[in-house]
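Trainee: predicted model, plus sequence, below.
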Amino acid sequence: MLAWLVNEPDKEIVDFINDGTLYNTIYGYFLANSINSGNIAQLKDENITFDSLCMKYYGSFNDRGVSLVESVYKPWSTEPGSGNSSKGFLMGDSALHMSFLYESFGIEIPEAYACMPDHLALELDFLSFLYDNYPSTHAQLFMSEHLNWIPSLIDEAVKNKMDEFYLSVLRITDDFICFEKNAANEVFA
């Protein structure tokens, strides 16, 4: 659901928001795991149209310059001697690693994401794939290597005065990732 929310809106997600399915699913997960997040309320009782959700989405990301791509928030390269530790570029080390992971697992990157394989929607989908098909240690390693940039994304969103709906989606995503990492740390401790 979270991957779906950070992807470009479609009419089906609008239906899931309006009929309460989105809220009930996420709220149920958070309640069952005793995760406290005041951000979930933003997902409830939305009487949203496809056009208004698109305006929120594009206004939050495209118009405000807030990127959903991991490479933008991390040094472009961490390779010794690369000479480029600057941030803000596409197709950095994280994108190359994601491309390698997709190829290793036989996953095809959608054409729309060819130059940004480390887009948050793809990374969340990949996390779901790992949970569904492999021991949780795979998901834990993936989160520690790739989904550790969400706080920087949230900082950027706050700085750029992002729409509350999508800011809440990012915070909920961060709450979910933090819980999953901590739950695994408790199991492995």
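Mentor: Happy to help now that I have it. Quantities reported herein were computed from a predicted structural model and do not represent experimental measurements.
Trainee: ok, and the closest non-adjacent residue to the residue sitting nearest the centre point of the chain?
Mentor: Nearest to the mean C-alpha position of the chain, by Cα atoms, centre = their mean, lies Leu120 at 3.8 Å. The shortest distance from Leu120 to any non-neighbouring residue, by Cβ to Cβ, 6 or more residues apart in numbering, is to Leu68 (4.4 Å). (Each C-beta comes from the backbone N, C-alpha and C, glycine too.)
Trainee: how close does His182 sit to Gln140?
Mentor: Quick fix: residue 182 reads Asn, not His. 11 Å (Cβ to Cβ, to the nearest Å).
Trainee: the more surrounded of those two?
Mentor: Gln140 (18 against 11; other Cβ atoms under 10 Å).
Trainee: that one should be in a strand, yeah?
Mentor: No: assigned with DSSP: H, G, I helix; E, B strand; the rest coil, Gln140 falls outside any strand and is helix.
Trainee: per-residue confidence at Tyr134?
Mentor: pLDDT for Tyr134: 93.
Trainee: check contacts around it.
Mentor: Listed by Cβ atoms under 8 Å, 6 or more residues apart in numbering, the contact set of Tyr134 is empty.
Trainee: residues in contact with the helix or strand of the chain with the lowest mean pLDDT?
Mentor: The helix or strand of the chain with the poorest confidence is helix 164-188; it has a mean of 84 (mean pLDDT, DSSP states H and E). Residues from elsewhere that reach helix 164-188 (Cβ under 8 Å, 6+ apart): 2, 5-6, 26, 29-30, 33, 35, 37, 39-43, 46, 56-57, 60-61, 120, 124, 136-137, 139-140, 143-144, 147, 150-151, 153-154, 157-158, 162.
Trainee: do I have it right that the residue nearest to the centre of the chain meets Phe61?
Mentor: No: counting by Cβ atoms under 8 Å, Leu120 does not reach Phe61; the two are 10.1 Å apart.
Trainee: mind listing the helices for this structure?
Mentor: Secondary structure of the chain (DSSP state H): helices at 2-5, 11-18, 21-32, 50-60, 93-104, 120-133, 136-146, 150-159, 164-188.
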